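for reference, the sequence and a predicted model appear below.
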Amino acid sequence: MDRELTTLVEALYARGREHDARQADRLDRFRNVEPDSARLLALLIRALAPRRLLELGTSNGYSTIWLADAARAVGASSSLTSIDVDPARTAMAGENLQRAGLDDVVDLRVADAASILAGSQDGAWEFIFLDAERPAYAGYWPQLVRVLAPRGLLAVDNVISHADEVAEFRRLVEADARVTQALAPTGAGVLLVVREPDSM
Ligand SMILES: C[S@@+](CC[C@H](N)C(=O)[O-])C[C@H]1O[C@@H](n2cnc3c(N)ncnc32)[C@H](O)[C@@H]1O
């Protein structure tokens, strides 16, 4: 990430924190991923060079900028689809991506995570960042593992900060022989899950 974009994301993150501190209702907060976790995801994208990336939970586009910048660094064959159920958030994300000069890298959509997953082909996504409403994650698991490409990486945020809310999801992942996982204790805790290559 170049210096200009670094300045932009730092300012966006700081404004997001200020905004969130003023909101009484958790759902009104942007709840941006911690910068260290965003940096880790961007590094993984650069290393793995996935071509088809999916983000579930765009919010105002903070994490999307990190993922899109890394996808652009990978090359023209790499593209990111980011979805959120909230049209106002998606509009904000569009403006932030435009400011960052990354709007051409991202297909922003207003959609429900469950319907995007259900409508994706087997092995459709080589990288998925899951950062939406945690109680729904266990219900997503059968579709998440189905749409994850062989050697594809799924990253799930907040598994340490909200361990109780993702406990059932983590049990499902742990019991599934089609994947290998590791917990990165970065930021709010990022669970990394890789689909075994011979498990389709
Ligand atoms: C934690 S925030 C995402 C933060 C964002 N990834 C970032 O780091 O900047 C969660 C977002 O998920 C969205 N969301 C909640 N339920 C959803 C669903 N079922 N499908 C898609 N998006 C959903 C919310 O509107 C909210 O913007």
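Ah, there it is. Keep in mind it's a predicted model, so treat the numbers as computed, not measured. Numbering: from 1, shown residues only.

could you find the closest non-adjacent residue to the residue most central in space within the chain?
Note on the chain: the residue nearest the mean C-alpha position is residue 129, at 2.5 Å, using C-alpha atoms, centre = their mean. Once flanking residues are discounted, residue 129 sits nearest to residue 55: 4.6 Å by C-beta to C-beta, 6 or more residues apart in numbering. Backbone N, C-alpha and C define where each C-beta goes, glycine included.

show me what the one helix or strand the residue nearest to the centre of the chain maps to is packed up against.
Per DSSP states H and E, residue 129 falls inside strand 125-130. Contacts defined by 3 or more C-beta pairs under 8 Å, 6 or more residues apart in numbering; DSSP states H and E place strand 125-130 against helix 35-48, strand 52-56, helix 137-147, strand 148-156.

for the record, mean pLDDT for that strand?
Throughout strand 125-130, pLDDT has a mean value of 98.

quick check: angle from it to strand 148-156?
Interaxial angle, strand 125-130 versus strand 148-156 (axes from the mean of the first three to the mean of the last three C-alpha atoms, to 10 degrees): 20 degrees.

distance check, the closest residue to residue 101 other than its chain neighbours against residue 128.
Nearest residue to residue 101, sequence neighbours excluded (C-beta to C-beta, 6+ apart): residue 5, at 7.9 Å. As judged by C-beta to C-beta, to the nearest Å, residue 5 and residue 128 stand 23 Å apart.
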